[in-house]
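I'd like to go over a predicted model; first the sequence, then the structure.
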Amino acid sequence: MQQEVLTRFQQEVEARVARGLCLETYPNAVREISIINHNDWDAAQLNELEKALNSADGIVLRSLGGNGLLNEVKSGFENERGATLKALTEKSNTLAIADGITTGFGAALVSACQWRIVSPRTTYALTQVRQGMCPDAALLRRLKECKPKVLGLFLALTGSTLGGTDMTETGLATHFVKDPSLRLLDELRFTPKDNIDIVLDRNCISPPPPHLACPIQSSPHVTAALERALLNDASLIDILDRLYTEQRLARSALQSCAWHTRELAEEVSDVLDEGIDAIHASPPLALQTTFLLLTNPDFDVFFSSNDLDTLITALNHRLASSVHNPEFSRANLIESQQAAAHLLRDTLRATFLHKHLGGFKKFLF
């Protein structure tokens, strides 16, 4: 009898692993969801995750084995992806542990949580725009609140890599821990959900170690270059031209006789080179649509409501099926500016009808 029970349990575990997650319910009604890292989530797996999110008072989200959340969703399942992230955003007492490479859908899952735990091993990057989509709603909210402000826009457009220290300093993460080990998980298992923040504060390092920071966040010279390129109101093509200008200035400074000047110029040049290369590798329509969402003040009304999730889900569904999604070129980037405005206008009309449209008359007509 005991052997039969163990066999059934093992079969259930194997079935859940095959579907992409393992579940464990804590005594305090908090559920631990361990994500299996893979790049082909489908509708059934996303629905399974959404069901698990809705069946507990609180959520601890991590990857099986304690690594980062390196996940992506198959094309064609934008609606299920959006519904899952919306369910996680609306849930209270949610905690994500990003202890390793965290990208794509995994990065969106982390951003949707109330507490976002990172470590020295964390590597975080947004891949949505490069894949021809807008960043998920949870990501857009975090990027909008990023410090400094220009960094959020730069990360959205380029998907530049951040570490755990950078995420904590910019607000993308809430706690930096030296090692999110099983001891921390064991403590969370028996902590009342209302006291989770006390456990995290006791285990975190504040401020995070500055020597682990990347130049994109820690270097004032990189920040100054990004502010000159991105801070003033401009079109995306103007911003790209300014990035080219800053790139040329940094490369010319690499020829300086002063060692310290060369070192600072190298930091700026590396960040700009990576960012510009990422923009060149991204579809122009996704770039222009993301740029409009983050810079047009008319869309601020969405960032304070759950309607942002609905809008992004509808947008990404249209982007995935758009025939007007050419490869990057300067001419295509200019042409896509108008196409992005039309796409947003049509999506607003189709998705919300008369809701929110009062403040969009100039934009829509």
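Yes, it's here.

what distance separates the start and the end of stretch 164-181?
Start and end residues of stretch 164-181 are separated by 16 Å (Cα to Cα, to the nearest Å).

For it, buried residues please.
164-170, 172-177, 180 (16 or more other Cβ atoms under 10 Å). For glycine as for every other residue, the C-beta is placed from the backbone atoms N, C-alpha and C.

Cross the residues you listed against strands and list the overlap.
The members of the buried residues of stretch 164-181 that map onto strands under DSSP state E are 175, 176.

any idea which of the buried residues of stretch 164-181 is least confident?
The member of those with the lowest pLDDT is residue 180, at 76.

Please list all residues in contact with residue 227.
148, 150 (Cβ atoms under 8 Å, 6 or more residues apart in numbering).

Looking at it now. What's its pLDDT?
pLDDT, residue 227: 93.

And it, how close does it get to residue 316?
Residue 227 sits 30 Å away from residue 316, going by Cβ to Cβ, to the nearest Å.

tell me the two of the buried residues of stretch 164-181 that are most distant?
Of all pairs drawn from the buried residues of stretch 164-181, the greatest distance, 19.4 Å, lies between 170 and 180 (Cβ to Cβ).

buried residues in stretch 82-92?
82, 83, 84, 85, 86, 87, 88, 89, 91.

Pick out whichever of those sits closest to residue 327.
In terms of Cβ to Cβ, no member of these lies closer to residue 327 than residue 82, at 26.1 Å.

show me what contacts that closest one?
Neighbours of residue 82 in contact, by Cβ under 8 Å, 6+ apart: 136, 137, 309, 310, 312, 313, 316.

With pLDDT, secondary structure and distance to residue 158 added, can I get the residues you listed in CSV?
CSV is the format used below for the contacts of residue 82 (pLDDT from 0 to 100; DSSP: H, G, I helix; E, B strand; the rest coil; distance: Cβ to Cβ, whole Å):
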residue, pLDDT, secondary structure, distance to residue 158
136, 93, coil, 17
137, 93, helix, 19
309, 90, helix, 24
310, 89, helix, 26
312, 92, helix, 19
313, 91, helix, 23
316, 91, helix, 19
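
Residue 150 sits in which helix or strand?
helix 149-158 (DSSP states H and E).

name the helices or strands packed onto that helix?
If contacts are counted by 3 or more Cβ pairs under 8 Å, 6 or more residues apart in numbering; DSSP states H and E, helix 149-158 sits against helix 137-144, helix 215-218, helix 220-230, helix 259-280, helix 284-295.
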